[in-house]
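K.L.:
need the 3D shape of this:
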Amino acid sequence: MQALRQFDLNLLIIFEALISECHVSRAAEKVFLSQSAMSHALNRLREYCDDPLLVRTANGLQATPRALEMLPEVRRALQLIDRTLAKPEPFDAERSNRVFTIACTDYFEAVIFPGLFAQLQQTAPESELTSK
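P.N.:
Prediction:
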């Protein structure tokens, strides 16, 4: 975790774009950076990873084996971060299939529970209601 504290997490987005595109200018467009800023970011990534990540070939830039090895894990990490930070979807009672458990007294269960259960069946037919 100590190494992560010194790492700019924005470089993960840049890394994914660079390795996916294998083209600095296209990757820069993808993440809304200038070509110069993308080149500087690539240099920072190269230094941090101690690997060239992209090398020139007769067919243009090509990802190194290390970059290709890292790419699926970086994508997973970015997806996890995106899911974690995404706003939760609003509750939709009609489509919910959640199980709601209510801790209640015997009196509540006998008097209130039947009406509550009937109301739940109307508004959330796929949900369940249990008591403890």
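K.L.:
quick one: list the elements packing against the helix or strand bottoming out on mean pLDDT in the chain.
P.N.:
In the chain, no helix or strand scores lower on mean pLDDT, DSSP states H and E than helix 2-5, which sits at a mean of 74. In terms of contacts (3 or more Cβ pairs under 8 Å, 6 or more residues apart in numbering; DSSP states H and E), helix 2-5 is not packed against any helix or strand. (Each C-beta comes from the backbone N, C-alpha and C, glycine too.)
K.L.:
and what about A28, helix, strand or coil?
P.N.:
Secondary structure, DSSP: H, G, I helix; E, B strand; the rest coil: A28 is helix.
K.L.:
ignore what I typed, I meant R56.
P.N.:
Secondary structure state of R56, per three-state DSSP, is strand.
K.L.:
report the separation between it and C22.
P.N.:
Relative to C22, R56 is positioned 11 Å away (Cβ to Cβ, to the nearest Å).
K.L.:
which of these two has more residues huddled nearby?
P.N.:
Remark: of R56 and C22, C22 carries more neighbours, 17 against 9, as counted by other Cβ atoms under 10 Å.
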